[in-house]
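Visitor: turn this into a structure:
(one chain, ligands or ions: 2)
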Amino acid sequence: MGLTYEDFLDLSYEPRDSDLVCRFRIDPADDQTMESAASRVASESSNGTWAALDTGEDFTDMGATAFAIDGDEIGVAYPPGLFEPGNMPQILSCIAGNIMGMKAVDTIRLLDCEWPREVVEGFTGPGFGSSVREEIFGVEDRPITATVPKPKVGLSTKRHAEVGYEAWIGGLDLLKDDENLTDQSFNPFADRLAESFDARDRAQEETGEVKSYLINVTADTQTMLERTDMVAEAGGEYVMVDVVTTGWGAVQTVRDRCEELGLAIHAHRAMHAAFDRLPHHGVSMRVLAQISRLVGVDQLHTGTAGLGKLANEDTVGINDWLRSDLYGMRDVLPVASGGLHPGLVPKLLEATGPNICVQAGGGVHGHPEGTEAGARALRAAVEAAVLDEPLEVRAQESPELGAALEKWGTETPR
Ligand SMILES: O=C(COP(=O)(O)O)[C@H](O)[C@H](O)COP(=O)(O)O
Ligand SMILES: [Mg+2]
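Guide: Ligands and ions are numbered 1, 2, ... in the order given. Here you go, the predicted model:
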């Protein structure tokens, strides 16, 4: 049996329900047509290569089919047998592997995937998803809130825990480590774990509310597992993982351990923009979010619908996908973060709805009266926005919110 790259294009093919269907945006190289480039994408991402092959008899055809060309977008369908069940790195080595550097295309972007049941069922998915709001915090009607101490690294362990305590008693639900804080000498992991949970316990007792801590366990996989065990032993509810920098296989291993320990996973997406920022190349944030849900994170940063300091791709559409039905798999709680402050909360919730986590760093600690006041201001803004109450009205009973509005207004920061 022969196999050439041209065998991978069939515009009359209708994808089966069991196929993994991917949509790509491509810019063919000068010596290629859309058809030849589409065919080469399907070939290189499944079982073909540049040379014609004699496959022989002892061969199962795992070829993909380029079945649609629509402007600069193409559709490619992959048979489920191409994929090892539950192995996200292997799936990505197909659908976002060699093709990303293939000379037949000047640029190529994986835009979206339709995941068939057979592939989805290889993954555990989230253990909690957005039920963290109720299951951990007993909160049903409002977004949960979080803050990340700033400066993002360099605070001593003692100061870090104090900042957490101030944020918690000011009314926030979660203290969160920043993406590049792990186990450095100025703030060692083990000490931070102990002191922060000690502060958490005091804050819980004083406020009568459930408080929790997103401690960053990111490291090599073995170390992450050890840190995850330490978090469970300390009475934590979550681990935080930088899912892109650590890699999806490692996240899958941590997810398995979290299943045993009953912990939730907060996913920070640092480095996602290396894949998704340029609109014509890479892997979209939408697909990174899909991967995150399959490998089983419970909370994921998906941006601020353009209101914050960082570039965002379609926060609302991604959040909708994270909540959509996926053969009964749990949803993921979207985390809005990056340049948020109280004045932006009403517009944010208008765009996203209340089933999210609102996270602010500078927008809490940069408050003129400090962290505790900043936390009060953010909590007041969230509570008012859920009720559709104008922030200026709520500010009459919350001077901290008034001070935040005076300082930052309702502007997007730089
Ligand atoms: O440190 C922060 C936010 O700090 P601040 O609130 O001071 O801007 C987070 O790392 C960003 O949320 C990442 O962005 P994203 O959420 O878009 O991944
Ligand atoms: Mg950060």
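
Visitor: between its first and last residues, how far does stretch 137-145 reach?
Guide: 11 Å (CA to CA, to the nearest Å).

Visitor: list of residues touching it?
Guide: 132-134, 171-174, 209-210, 212, 333, 349, 354-359, 375, 378-379, 382-383, 386 (CB atoms under 8 Å, 6 or more residues apart in numbering). For every residue, glycine as well, the C-beta is placed using N, CA and C.

Visitor: helices - which of those land there?
Guide: Counted as lying in helices by DSSP state H, out of these, are 132-134, 349, 375, 378-379, 382-383, 386.

Visitor: and the pLDDT at the nearest residue to residue 230 once chain neighbours are set aside?
Guide: Of all residues not flanking residue 230 in the chain, residue 193 sits nearest, at 6.0 Å (CB to CB, 6 or more residues apart in numbering). We have a pLDDT of 98 for residue 193.

Visitor: just the C-alpha atoms of the helix or strand containing residue 193, please, in CSV.
Guide: Secondary structure from DSSP states H and E places residue 193 in helix 189-207. Extracted in CSV, the C-alpha atoms of helix 189-207 (Å, rounded to 0.1, in the frame of the first residue of the first chain):
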residue,chain,number,x,y,z
PHE,A,189,8.2,26.5,50.7
ALA,A,190,8.0,24.5,54.0
ASP,A,191,8.1,27.6,56.2
ARG,A,192,5.6,29.5,54.0
LEU,A,193,3.3,26.5,54.1
ALA,A,194,3.4,26.3,57.9
GLU,A,195,3.1,30.0,58.6
SER,A,196,0.5,30.7,56.0
PHE,A,197,-1.8,28.0,57.3
ASP,A,198,-1.3,29.2,60.8
ALA,A,199,-2.4,32.7,59.7
ARG,A,200,-5.3,31.1,57.8
ASP,A,201,-6.5,29.3,60.9
ARG,A,202,-6.5,32.5,62.9
ALA,A,203,-8.3,34.4,60.1
GLN,A,204,-10.9,31.7,59.9
GLU,A,205,-11.5,31.8,63.6
GLU,A,206,-11.8,35.6,63.6
THR,A,207,-14.1,35.9,60.6
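
Visitor: which residues sit against it?
Guide: Contacts to helix 189-207, defined as CB under 8 Å, 6+ apart, come from residues 157-158, 160-162, 164-165, 168-169, 171, 175, 177, 182-183, 210-213, 215, 217, 227, 230-231, 234-236.

Visitor: quick check: next helix or strand after the helix or strand residue 225 falls within?
Guide: Assigned by DSSP H and E, residue 225 belongs to helix 221-233. Using DSSP H and E, the helix or strand that follows helix 221-233 in sequence is strand 238-242.

Visitor: quick one: the strands in the stretch 51-200 of the chain?
Guide: Taking DSSP state E, counting those that start in this stretch, the strands of the stretch 51-200 of the chain run over residues 53-54, 65-70, 73-78, 105-114, 144-147, 174-176.

Visitor: scratch that, the stretch 201-350 of the chain
Guide: Using DSSP E, counting those that start in this stretch, strands in the stretch 201-350 of the chain cover 212-214, 238-242, 264-268, 282-283, 299-301, 333-336.

Visitor: do the last one and ligand 2 come into contact?
Guide: Okay, so that is strand 333-336. No. Strand 333-336 does not reach ligand 2 (CB under 5 Å from the ion); its nearest approach is 11.1 Å.

Visitor: what's that strand packed up against?
Guide: Applying 3 or more CB pairs under 8 Å, 6 or more residues apart in numbering; DSSP states H and E, we find strand 333-336 packed against strand 299-301, helix 315-323, helix 345-352, strand 357-359.

Visitor: ok, 10 Å please
Guide: Applying 3 or more CB pairs under 10 Å, 6 or more residues apart in numbering; DSSP states H and E, one finds that strand 333-336 contacts strand 144-147, strand 264-268, strand 299-301, helix 315-323, helix 345-352, strand 357-359.

Visitor: can you list the residues of this structure near ligand 1?
Guide: By the rule CB under 6 Å from any ligand atom, the part of the chain lying against ligand 1 is 148, 150, 178-179, 269, 301, 303, 309-310, 337-340, 360-363.

Visitor: swap the cut-off to 5 Å and go again
Guide: Residues of the chain lying near ligand 1 by CB under 5 Å from any ligand atom: 148, 269, 301, 303, 310, 337-339, 360-362.
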